[in-house]
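Asker: Task: produce atomic coordinates for the following.
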Amino acid sequence: MAIGKYISTFGTHYKTQIMKNILLLTLTILLCFGCKDTKSSQETDNQLVAASDTTDCVDTVAFGDTTFCLPKIEGMTQGYDDPIIKAKADEFDDPQNTILAYYVPTAVFKQRDSLAFITYDNYYKVYTSNMAKNYEMKPVEVQEVMRGMTGGMMNSTVAEVNEDFKNSNKPLEIGQPTLVEKYEGYNNSSTAIVLMGLTTDTVDKVMAIAMNVLLVKDRLVFMAHYLDYNGQASIEQLKENNSNFLKEFYKVNS
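Answerer: Below you'll find the model as predicted:
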């Protein structure tokens, strides 16, 4: 399931083959023994019509036999249809995945012609795995996939990281993705809060990422929310933003 690249997009950057293999194995087992192909072509056609008629949808995106609604998020623009935004979102994506949506702050979207020269945070990426196309999943399998995603990460606590951040005389360094919290989220979702160092030619910082495994219309969907890490306040803001996005996403896809 291409999780190495999925997690690399949680900061540009986490290209751990072991993680990718763990999740590939997890999803393969689930698809072989726990899932079934569903929906006739007529059911699919009806679903497409129903999704298109949902008034809360600002846009729809089809993946296999399922159409998802994309919610309106205050202060954000869903820009994956824009070629410049799409190129940015695809930069670290894996061909085994399909991006469904990429939300950036509206102020950033308005500057997209200069995107190569600016840095930003506070964005959302929604995607799914091609391997799971047209397969039903169940809540218990959401937990299995999350365990596979986080199984190889370092563990710490927010308090420990914040103490290091507060006492350090130099910028906080996170050498590898660090899991600081994991919990069951909104409506059969599973969420992990991860800190990750991001280093490029122009950027050297730590990001806080909310990694989510969702069950939407009996399909497995992933969502990640990214914020620059600046101590405890950024973790709380990340979790609040993440929860709000999940509620809106489930609302338009109920």
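
Asker: In this structure, where is pLDDT below threshold?
Answerer: Along the chain, segments meeting pLDDT under 70 span 1-55, 158, 162, 164-175, 202.

Asker: Which of the residues in the longest helix seen in the chain are classified as buried?
Answerer: Ranked by residue count and defined by DSSP state H, the top helix of the chain is helix 232-252. Using 16 or more other CB atoms under 10 Å as the test for burial, helix 232-252 gives 234-235, 238-239, 241-243, 245-246, 248-250, 252. All C-beta atoms are positioned from the backbone trio N, CA, C, and that covers glycine.

Asker: what does stretch 85-93 give?
Answerer: 85, 88-89, 92-93.

Asker: how near is residue 128 to residue 180?
Answerer: Using CB to CB, to the nearest Å, residue 128 is found at 26 Å from residue 180.

Asker: more neighbours, the two?
Answerer: residue 128 (24 against 20; other CB atoms under 10 Å).

Asker: pretty sure the more buried one is touching residue 223, no?
Answerer: No: using CB atoms under 8 Å, residue 128 is not in contact with residue 223; the gap is 9.9 Å.

Asker: What number of residues are in the vicinity of residue 130?
Answerer: Counted by other CB under 10 Å, the residues lying close to residue 130 total 14.

Asker: who touches it in this structure?
Answerer: Taking CB atoms under 8 Å, 6 or more residues apart in numbering, we find residue 130 in contact with 96-98.

Asker: residue boundaries of the strands in the chain?
Answerer: Counting by DSSP state E, the chain has strands at residues 59-63, 66-70, 76-78, 97-105, 123-129, 154-155, 178-184, 190-199, 204-216, 219-228.

Asker: Need those in JSON lines (columns: distance to residue 116).
Answerer: Supplementary listing: those in JSON lines, determined by distance: least, CB to CB, whole Å:
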{"stretch": "strand 59-63", "distance to residue 116": "25"}
{"stretch": "strand 66-70", "distance to residue 116": "26"}
{"stretch": "strand 76-78", "distance to residue 116": "18"}
{"stretch": "strand 97-105", "distance to residue 116": "14"}
{"stretch": "strand 123-129", "distance to residue 116": "16"}
{"stretch": "strand 154-155", "distance to residue 116": "32"}
{"stretch": "strand 178-184", "distance to residue 116": "29"}
{"stretch": "strand 190-199", "distance to residue 116": "17"}
{"stretch": "strand 204-216", "distance to residue 116": "18"}
{"stretch": "strand 219-228", "distance to residue 116": "18"}
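
Asker: Of those, which is nearest residue 136?
Answerer: strand 219-228 (7.5 Å; CB to CB).

Asker: that older thread, can you redo the buried residues of stretch 85-93 as JSON lines with distance to residue 212?
Answerer: Shown next, in JSON lines, are those (distance: CB to CB, whole Å):
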{"residue": "85", "distance to residue 212": "21"}
{"residue": "88", "distance to residue 212": "21"}
{"residue": "89", "distance to residue 212": "17"}
{"residue": "92", "distance to residue 212": "18"}
{"residue": "93", "distance to residue 212": "17"}
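
Asker: just curious, which of those residues is nearest to residue 108?
Answerer: For these, the nearest to residue 108 is residue 85 (8.9 Å; CB to CB).

Asker: That closest one and residue 180: what is the separation?
Answerer: The gap separating residue 85 from residue 180 is 29 Å, by CB to CB.

Asker: before we move on, what about residue 159?
Answerer: Taking CB to CB, one finds residue 159 at 9 Å from residue 180.

Asker: just residue 210 next, same as before
Answerer: Distance from residue 210 to residue 180, counting by CB to CB: 11 Å.

Asker: what touches both of those two?
Answerer: Common neighbours of residue 210 and residue 180 (CB under 8 Å, 6+ apart) are 193-194.

Asker: Show me what counts as buried in stretch 184-200.
Answerer: Within stretch 184-200, the residues that count as buried by 16+ other CB under 10 Å are 185-198.
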